[in-house]
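Engineer: Just need the structure, nothing else, for what follows:
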Amino acid sequence: MPTLRVELFEGRTPEQKAELAKELTAACVRVLGGSPDAVDVVFFDIARQNWATGGVLWSDKQK
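Structural biologist: You can find the predicted model right below:
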């Protein structure tokens, strides 16, 4: 089964991550079959100054 890598800006709560992990796991089981125990979800919290879109850091977009 899959390992899902989720990259997002830091600041999400543990509760939000738990809910997302639950939903992503359920979707994998529904679509791919298998057991929920075989689905891994790994969260990567990225600081806004470490992510750019269109050549502009997200930390600069908030100003």
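
Engineer: Let me know the helix or strand that the spatially closest residue to residue 12 that is not a sequence neighbour is in.
Structural biologist: Excluding the flanking residues, the one nearest residue 12 by Cβ to Cβ, 6 or more residues apart in numbering is residue 45, at 7.4 Å. C-beta: built from backbone N, CA, C; applies to glycine. Residue 45 belongs to strand 40-46 when assigned by DSSP states H and E.

Engineer: before we move on, back to that, bridging across strands, which residues link to the residue nearest to residue 12?
Structural biologist: Judged by DSSP bridges, the bridge partners of residue 45 are residue 8.

Engineer: how far away is residue 58 from residue 16?
Structural biologist: Distance from residue 58 to residue 16, counting by Cβ to Cβ, to the nearest Å: 19 Å.

Engineer: who has more neighbours, the two?
Structural biologist: Comparing residue 58 with residue 16 by other Cβ atoms under 10 Å, the one with more neighbours is residue 58, at 15 against 12.

Engineer: can you pull the contacts of the closest residue to the more buried one other than its chain neighbours?
Structural biologist: Distances taken as Cβ to Cβ, 6+ apart put residue 48 closest to residue 58, at 4.0 Å, once the chain neighbours are dropped. Taking Cβ atoms under 8 Å, 6 or more residues apart in numbering, we find residue 48 in contact with 9-10, 57-59, 62.

Engineer: Okay, now the unreliable bits of the protein?
Structural biologist: The chain contains residues with pLDDT under 70 at 62-63.

Engineer: which residues of it fall in strands?
Structural biologist: With strands called from DSSP state E, the chain shows them at 3-9, 40-46, 52-53, 56-57.
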